[in-house]
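# Return atomic coordinates for the entry below.
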Amino acid sequence: MESSGYHHDLALLEWQIELGAAEAIGDGPVNRYEVPATMEKPKAAQPAPPVAGATAAPAAKVDPVAVAEQAAAGAATLEDLRAAMAAFEHCELKKGARNLVFSDGIPGARVMLVGEAPGRDEDRAGKPFVGKAGQLLDRMLAAIDMGRDRADAPVYITNVLPWRPPQNRDPKPVEIAMMKPFLLRHIALAQPQVLVIVGNWSCQALLGKRGITRLRGAWTEAAGLPALPIFHPAYLLRSPEFKREAWADLLSLKAKLADG
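Below you'll find the model as predicted:
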């Protein structure tokens, strides 16, 4: 009997080892009904599963033209407008320019000239039309007894763009569009009687069209004022054969002012 019991217990032990019970964990039996249940840690809240077909709301895009319109409308003086333009951060030209080119001449003059964009010399000086083209413009104005510093017959000068495009490239339509509200406010605050639109891109900004050889010399209206498109002096430096037409346009401007 003893041999039979021994072999029976050995068989049970081997059976338990086959089942994986290879280690003893206690000397005596444990009553599991007397062991307190282990407190489970609360699980962290899980994010709700995404709703089928739902997409994250895109970030609102900034409209530079709307920002420019609001900033320009808030300018009560030319000094306010200059500050608003200096604070405008949506035109990439600002990042590569040395200076904001705001204006020159005498505010309140009867004639306001609107050029296209600053060049290298203008960017350095912070004033419009100070390079070779500006010197020619001064001679053109002097020929009809006008000038940016003349108390008796002054002019006021600005540009469509206040910052120099890199390498003097042409303005981009998007740049013109975002700076146009500032230009229109500039005209309203300067209160000229007549506008002189200098060059193709100025015509694009104020008239919505280009083709200066076709547009020049023909009186039209821009920003609610009589306006005369003329050749840009830089164009006349490249193509002096058109100086005769430019002289005719200057005489037309002088006659317009004489008529009151």
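
# In the stretch 1-150 of the chain, where is pLDDT below threshold?
The model of the stretch 1-150 of the chain has pLDDT under 70 over residues 1-13, 15-59.

# all strands of it, in order?
Assigned by DSSP state E, counting those that start in this stretch, the strands in the stretch 1-150 of the chain fall at 104-105, 111-115.

# again, but for the stretch 151-260 of the chain
Across the stretch 151-260 of the chain, reading from the start of the chain, the strands by DSSP E, counting those that start in this stretch fall at 155-159, 194-198, 220-222, 225-230.

# Quick one: residues contacting the closest residue to Ala223 other than its chain neighbours.
Nearest non-adjacent residue to Ala223, counting by Cβ to Cβ, 6 or more residues apart in numbering: Ile187, 4.7 Å away. Placement of C-beta: from N, CA and C, glycine included. The contact partners of Ile187, by Cβ atoms under 8 Å, 6 or more residues apart in numbering, come to 112, 114, 195, 223, 225.

# And the furthest pair within those residues?
Taking Cβ to Cβ, the two most distant members of those are Val114 and Leu225; they sit 10.7 Å apart.

# which neighbours do the two share?
Counting by Cβ under 8 Å, 6+ apart, the residues touching both Val114 and Leu225 are 187, 195.

# More neighbours: which of the two?
Val114 (28 against 16; other Cβ atoms under 10 Å).

# Need the nearest residue in space to that one, chain neighbours excluded.
Closest residue in space to Val114, ignoring its immediate chain neighbours: Ser202 at 5.0 Å, by Cβ to Cβ, 6+ apart.

# Does the one you found touch Gly115 like I think?
Yes. Taking contacts as Cβ atoms under 8 Å, Ser202 lies within contact range of Gly115: 6.2 Å.

# Give the residues shared as contacts by these two.
With the criterion set as Cβ under 8 Å, 6+ apart, the overlap between the contacts of Ser202 and Gly115 is 160, 232.

# okay, these two: which has more neighbours?
Set side by side, Ser202 and Gly115 show unequal neighbour counts under other Cβ under 10 Å, the larger going to Ser202 at 31 against 27.

# residues touching that one, list them.
Residues touching Ser202, when contacts are defined by Cβ under 8 Å, 6+ apart, comprise 114-116, 160, 229, 232.

# Next: Arg120.
Taking Cβ under 8 Å, 6+ apart, one finds 131, 164, 168 in contact with Arg120.

# Run a quick neighbour tally on the second one.
Per other Cβ under 10 Å, the neighbour tally for Arg164 reads 24.

# confidence score at it?
Looking at Arg164, its pLDDT is 97.

# Wait, it touches Val101, no?
Yes. Arg164 is within contact range of Val101, at 7.5 Å (criterion: Cβ under 8 Å).

# Residues in contact with both of those two, list them for me.
Residues within reach of Arg164 and of Val101 at once, by Cβ under 8 Å, 6+ apart, are 118, 122-123.

# show me what contacts Ala255?
For Ala255, the contact set (Cβ under 8 Å, 6+ apart) is empty.

# Please repeat the previous calculation with a cut-off of 10 Å.
Contacts for Ala255 were tallied using Cβ atoms under 10 Å, 6 or more residues apart in numbering; they are Ile144.

# What of Gly119?
If you count contacts by Cβ under 10 Å, 6+ apart, Gly119 has them with 101, 128-134, 164-165, 168, 234.

# Can you redo these as CSV, where the extra columns are distance to Ala68?
Shown next, in CSV, are these (distance: Cβ to Cβ, whole Å):
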residue, distance to Ala68
Val101, 17
Pro128, 19
Phe129, 24
Val130, 26
Gly131, 27
Lys132, 31
Ala133, 27
Gly134, 26
Arg164, 19
Pro165, 17
Asn168, 23
Ala234, 26
